[in-house]
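>>> can you look at this prediction? I've put the sequence above it.
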Amino acid sequence: MLQAGGLSDICNAAGMEVALDQRFQHGAPTRISRQEDRASRRCGMLAACHAELDGWCNQPANCPHATRGTLHARFDTTDRDHPKAWRCYATDTLSADRQSYSQGSTYCTRNSQLLALLQQCEGEDRHAHIGVEVSPTGETVRASASASAALDYPGTSDDASATGLFDTWLEQCAASAPRCSCLQHGTHEGSVELVLRHPAVAFFIVVAEAEQAEGLVSRLAAHNATNAYVMHTDLARRGALPLRNDVLNPRLGRLSALQALQTSNEFFDLQLVHASAVPSLLRPSPAEARSLLSLAATTLLLLPRGTAAASWRAALPALERPVPRAEDVVAAAAPLGVKVVAEGCTAGGRGLRGVGCATRVEEALLVRLAWLTRLTLHHLSCWEAPRCHDRMYVMSLVQADAPADGAAWARRVPALHRVEPHGNWPPGTHPFASVAEAVALRGKAIPFATGGANLDTLVALRLHRTHRARLAAQFLAIPVGRDMMLWNIVAGREGAFAIDQEGFVYPDGGVPWERRAMPYCLTVRDCYEKPLGTLCGLPYTAPGRLYGAALTSAAAELFAAQCDDARRPYPCPNGCRASYEECHNGAGAGAGD
């Protein structure tokens, strides 16, 4: 598949333009090798596809910048160092040869649309392609025509093992939707390579040890891999305070981080479990297995041979059994069905090279959710908050959505419904207790999409400081809406973006900072300072209480690497500024995505 700055870059990589020009210029025989003929035809086909992508970009309905001049479809990055993706770039943003991104913000990110158009164009020549890969060192490696013939087109791998299918599904997930997400537990020496090989997937990696987190963040930074987020949390860790919810925690016990994830509104396209690196997942209880598998449509379990694999195989059939509330309230809140769709771990498999399938990890199970009904809270930090929303939701995935062919990929997005009435009930007064009772009270459907995780979840799971600083800087660049609380800010592969502003997004230079906003954050300013303060490491404050000078000091510490003047600590799109308000005063903010 065409995955590079431009067409000539690819054809030069195959040596075709130079070699063929020299043959004909110097009177060489016109007969060419089968390899050269195949590469030549491939370049011709790519030229036609590239022209089709350029034409699509130059329609104003597809990218508004088309009204200002010629646009070019390129697979490249941005002025904010986003991961490479298909974008429509203005001529003045490209290098002199127009093959790669250089500078500026006149572009439109249209990865899913351009990728779908490219796949359709290339459909008749899927296997003899000249590909571009990312090496373990992060360098671009262009394959020759003969080598690329052996590369699989995304989604066409012949490897039917659990690891082979999982790698194929990562590619297909990224190609089939604007955003794709993978929750990963534990890490391995192959983890960075996996992130680099799938730049269109957002990876959310939870590790138990601080040293592991530091090492992983450092290696990701060395490769400028911005599509991964690292959290330092032991899934068995208990919350500092009891979850205050009479439905999910009537006895006011302290829930584990894994239970908190189950009771949150998070749901991922895929999930990867390095059980050897997560002791609590080596031999899980049925409740722990249920909590884990409820978090994603598909889960790959990488297991050391022996008692760990046996424990998981024994736990899976028991998940179909309904759990009485009297036995386990949290487990009873997530009835589900699962199916093992593949087994086996391919040594050195595509995309999972270096994971250790032939050594420490010797067994693999690929598990798909058949169906799911999950009773959830408003956001994850309710887990250990002194007070929280009492609103609750039903998340459901129906069995009819599961593909009949176990080896086939299908993107499955759960429905999310509010439980009515949706007011904030006083503690202990919800008019329901069981999942069945909540389902009967389902009301308004809430727009829901996979492909990311909200910042409330990431911070509650102890997002690494480096990644917290990156997201905080991106938060400053997002147009201000009426409710910028962290559960309304989502991290995806390209960074942070806002949801659920219900049409109240204010133009730069016209933000009504003192306008009344929400009950839990009284004004627009309050709803902006609270999440920014949390990202900067400050404790949550009561409604209406602002941080004052403490916020500026915390910002100066967090953004020290970006803004070296403590008097101007905020890395706004228009440069380092003295206040966050200056990020939104209309003075030179860039366009970009």
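Perfect, I can see it now. Just so we're clear, the structure is a prediction, and the values are computed from it rather than from any experiment.

>>> check contacts around Leu458.
Contact analysis of Leu458 by C-beta atoms under 8 Å, 6 or more residues apart in numbering lists Phe204, Tyr229, Met231, His467, Arg468, Leu471, Ala491. Any C-beta I mention is one placed from the backbone N, CA and C, and that applies to glycine too.

>>> looks to me like the fourth one is in a helix.
This means His467. Yes. Counting by DSSP: H, G, I helix; E, B strand; the rest coil, His467 falls inside a helix.

>>> how many residues are close by it?
Each residue near His467 was counted by other C-beta atoms under 10 Å, and the total is 21.

>>> who's the residue nearest to it when sequence neighbours are not counted bridged to?
In space, and not counting its chain neighbours, His467 is closest to Tyr229: 5.0 Å by C-beta to C-beta, 6 or more residues apart in numbering. Note on Tyr229: beta-bridge partners by DSSP bridges are Phe204.

>>> reduced to three states, what does the nearest residue to Asp401 once chain neighbours are set aside come out as?
Closest residue to Asp401 apart from its sequence neighbours, by C-beta to C-beta, 6+ apart: Arg412 at 5.1 Å. Classification of Arg412 using three-state DSSP returns coil.

>>> going forward can the numbers begin at 6, since that is how I track them
Shifting the count to begin at 6 puts that one at Arg417.

>>> run through who's touching whatever helix or strand Glu442 lives in.
For Glu442, the element it lies in under DSSP states H and E is helix 440-445. Outside helix 440-445, the residues that touch it by C-beta under 8 Å, 6+ apart are Val252, Ala337, Ala338, Ala339, Pro340, Thr378, Leu380, Met397, Val399, Ser401, Val424, Phe437.

>>> ok so, going back, can you lay out the contacts of Leu463 as CSV showing distance to Ala313?
Below are those laid out as CSV (distance: C-beta to C-beta, whole Å):
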residue, distance to Ala313
Phe209, 23
Tyr234, 27
Met236, 23
His472, 30
Arg473, 33
Leu476, 34
Ala496, 31
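
>>> check these and tell me the two furthest apart.
Greatest spacing in those, by C-beta to C-beta: Phe209 and Arg473 (13.4 Å).

>>> pLDDT (mean, whole number) over stretch 492-509?
Averaged over stretch 492-509, pLDDT sits at 89.

>>> which SSE is immediately downstream of the helix holding Glu442?
strand 447-450.

>>> wait, is Leu527 part of a helix?
No. Assignment of Leu527 by three-state DSSP gives strand, placing it outside any helix.

>>> separation between it and Trp518?
12 Å (C-beta to C-beta, to the nearest Å).

>>> equivalent analysis for Trp61, please.
40 Å.

>>> these two: who's more crowded?
Applying other C-beta under 10 Å to Trp61 and Trp518 shows that Trp61 carries more neighbours, namely 20 against 16.

>>> contact partners for that one?
Trp61 neighbours (C-beta under 8 Å, 6+ apart): Asn67, Ala78, Cys93, Gln118, Leu119, Leu122.

>>> do the same with Ala566
Neighbouring residues of Ala566 by C-beta under 8 Å, 6+ apart: Ala474.

>>> before we move on, what about the one 5 residues further on?
Contacts here follow C-beta under 8 Å, 6+ apart; on that basis Ala571 touches Ala561.

>>> what's the burial count for the closest residue to Gln267 other than its chain neighbours?
Nearest residue to Gln267, sequence neighbours excluded (C-beta to C-beta, 6+ apart): Ser296, at 4.1 Å. Using other C-beta under 10 Å, the number of residues around Ser296 comes to 26.

>>> am I right that Ser296 falls within a helix?
Yes. Using three-state DSSP, the assignment for Ser296 is a helix.

>>> isn't Cys393 right next to Leu246, touching?
No. Contact criterion C-beta atoms under 8 Å: Cys393 and Leu246 do not qualify, at 10.1 Å.

>>> in terms of neighbours, single out the busier of these two.
Cys393 (19 against 13).

>>> can you give me the distance of the more buried one to Thr546?
Taking C-beta to C-beta, one finds Cys393 at 15 Å from Thr546.

>>> most neighbours of all the contacts of Leu463, which one?
Going by other C-beta under 10 Å, Tyr234 tops the contacts of Leu463 with 27 neighbours.

>>> mind listing what that residue touches?
Contact partners of Tyr234, counting by C-beta under 8 Å, 6+ apart, are Ala207, Phe208, Phe209, Ile210, Ala458, Leu463, Leu468, His469, His472, Leu476, Ala496.

>>> the stretch 256-405 of the chain: strands as residue ranges?
In the stretch 256-405 of the chain, the strands defined using DSSP state E, counting those that start in this stretch lie at 273-279, 301-308, 341-348, 368-382, 397-402.

>>> so where is the chain shaky, pLDDT-wise?
Residues of the chain meeting the criterion pLDDT under 70: 6-52, 66, 127-164, 351-367, 427-433, 592-598.

>>> okay, domains of it per the record?
The chain breaks down by automatic domain parsing into domains covering 12-153, 167-458, 469-589.

>>> which one of the contacts of Tyr234 is nearest Cys541?
Closest to Cys541 out of those is Leu476 (11.1 Å), distances taken as C-beta to C-beta.

>>> quick one, phi/psi of the nearest residue to the closest one once chain neighbours are set aside?
Spatial nearest neighbour of Leu476, excluding adjacent residues (C-beta to C-beta, 6+ apart): Ala501 at 5.1 Å. Dihedral angles of Ala501 (phi, psi; degrees, to the nearest 10) stand at phi -90, psi 140.

>>> thought Ala501 was touching Gln479?
Yes. Contact status for Ala501 versus Gln479: in contact at 4.0 Å, counting by C-beta under 8 Å.

>>> give the residues shared as contacts by those two.
By C-beta under 8 Å, 6+ apart, no residue touches both Ala501 and Gln479.

>>> so who does the residue most central in space within the chain touch?
For the chain, Ala207 is the residue whose C-alpha lies nearest the centre (C-alpha atoms, centre = their mean; 2.6 Å). Residues in contact with Ala207 (C-beta under 8 Å, 6+ apart) are 184-187, 232-234, 456-458, 496-498.

>>> who touches the closest residue to Val516 other than its chain neighbours in this structure?
Leaving aside its chain neighbours, Val516 sits nearest to Val485 (4.8 Å; criterion: C-beta to C-beta, 6+ apart). Under the criterion of C-beta under 8 Å, 6+ apart, the neighbours of Val485 are Val510, Tyr511, Val516, Val529, Tyr533, His589.

>>> can you select the buried ones among those for me in ChimeraX?
In ChimeraX, a selection of the buried entries from the contacts of Val485 looks like this (16 or more other C-beta atoms under 10 Å):
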select :511,516,529,533,589
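
>>> and the contacts of Val485, which is closest to Pro408?
Set against Pro408, the nearest of the contacts of Val485 by C-beta to C-beta is Val510 (37.6 Å).

>>> next up, phi/psi of the closest one, please.
Phi and psi for Val510, reported as degrees, to the nearest 10, are phi -120, psi 130.

>>> grab the nearest non-local neighbour of it.
Gly486 (4.7 Å).

>>> any idea how far Glu507 is from that neighbour?
Using C-beta to C-beta, we find Gly486 at a distance of 8 Å from Glu507.

>>> quick check on those two: which one has the bigger neighbour count.
Neighbour count, other C-beta under 10 Å: between Gly486 and Glu507, Gly486 has more, with 22 against 9.

>>> I'd say the more buried one and Gln506 touch.
Yes. In terms of C-beta under 8 Å, Gly486 counts as a neighbour of Gln506; the distance is 3.3 Å.

>>> if I look at the two, which residues touch both of them?
Asn493.
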